[in-house]
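> After the sequence you'll find the predicted model.
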Amino acid sequence: MTLTARPENFNIIRTSIMEHRNIPDSIKKKLCLAAEEIFVNICSYAYGGTSGSVDFSIEVSDQITMTFQDEGAPFNPLNNQTDTDGYDLDTQIGGLGRLIAFGFADNVIYEYKNSRNVLNLTFS
């Protein structure tokens, strides 16, 4: 599905996850939380204040793979992750969402391909 990169459109992704018949109920909330963190980050940062879109897909087999694609500026979310040891909850804002999303996933792969950021999160 292709969505306009606006945070309120996350509800469409949430519904597709929660209503998916082949996803165990026990993992749906984790998938939603991970998807929300990634989707909102793309909406907030990928297009530098201009409009854009996000392609989202979910594949279910022996594993579950969520894929996010955007045409925003190249950004590898696996780089420059927040240092949790030095994180000051009183003064720092943000930076932990990727860690939460990636912590739920069993595998995370990023690539910049055909002028698109492509992020795959796989769950067992």
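Happy to help now that I have it. Numbering: from 1, shown residues only.
> Buried residues of the one helix or strand T67 maps to, list them for me.
Secondary structure assigned from DSSP states H and E places T67 in strand 64-70. For strand 64-70, a neighbour-count test (16 or more other C-beta atoms under 10 Å) marks 64-66, 68-70 as buried. For the C-beta atoms, the positions are set from N, CA and C on the backbone; glycine is no exception.
> Relative to it, what are the paired strands and their orientations?
According to DSSP bridges, strand 64-70 forms sheet pairs with strand 53-60 (antiparallel), strand 116-123 (antiparallel).
> Would you tell me which of these gets closest to F102?
strand 116-123 (7.5 Å; C-beta to C-beta).
> Check the model's average confidence along that closest one for me.
Mean per-residue pLDDT for strand 116-123: 97.
> repeat for stretch 32-43
Mean pLDDT, stretch 32-43: 95.
> who's in contact with it?
5-7, 9-10, 13-14, 17-18, 54, 56, 66, 68, 70, 72, 77, 97-98, 100-102, 104-105, 117, 119, 121 (C-beta atoms under 8 Å, 6 or more residues apart in numbering).
> can you rerun that using 7 Å?
Contact with stretch 32-43 is made by 5-7, 10, 13-14, 17-18, 54, 66, 68, 70, 72, 97-98, 100-101, 104-105, 119, 121, as judged by C-beta atoms under 7 Å, 6 or more residues apart in numbering.
> re earlier: let's have the buried residues of strand 64-70 in CSV, adding distance to K30 and pLDDT.
Below are the buried residues of strand 64-70 laid out as CSV (distance: C-beta to C-beta, whole Å; pLDDT from 0 to 100):
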residue, distance to K30, pLDDT
I64, 10, 97
T65, 14, 98
M66, 11, 98
F68, 16, 98
Q69, 21, 98
D70, 22, 98
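> Output the residues you listed in CSV, with distance to D25 appended to each entry.
Listed next are these as CSV, based on distance: C-beta to C-beta, whole Å:
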residue, distance to D25
I64, 13
T65, 19
M66, 17
F68, 23
Q69, 27
D70, 29
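> Pick the one among these closest to Y45.
Distance to Y45, by C-beta to C-beta, is smallest for D70 among the buried residues of strand 64-70, at 9.9 Å.
> Do I have it right that the closest one meets N117?
Yes - with contact defined as C-beta atoms under 7 Å, D70 reaches N117; the gap is 5.1 Å.
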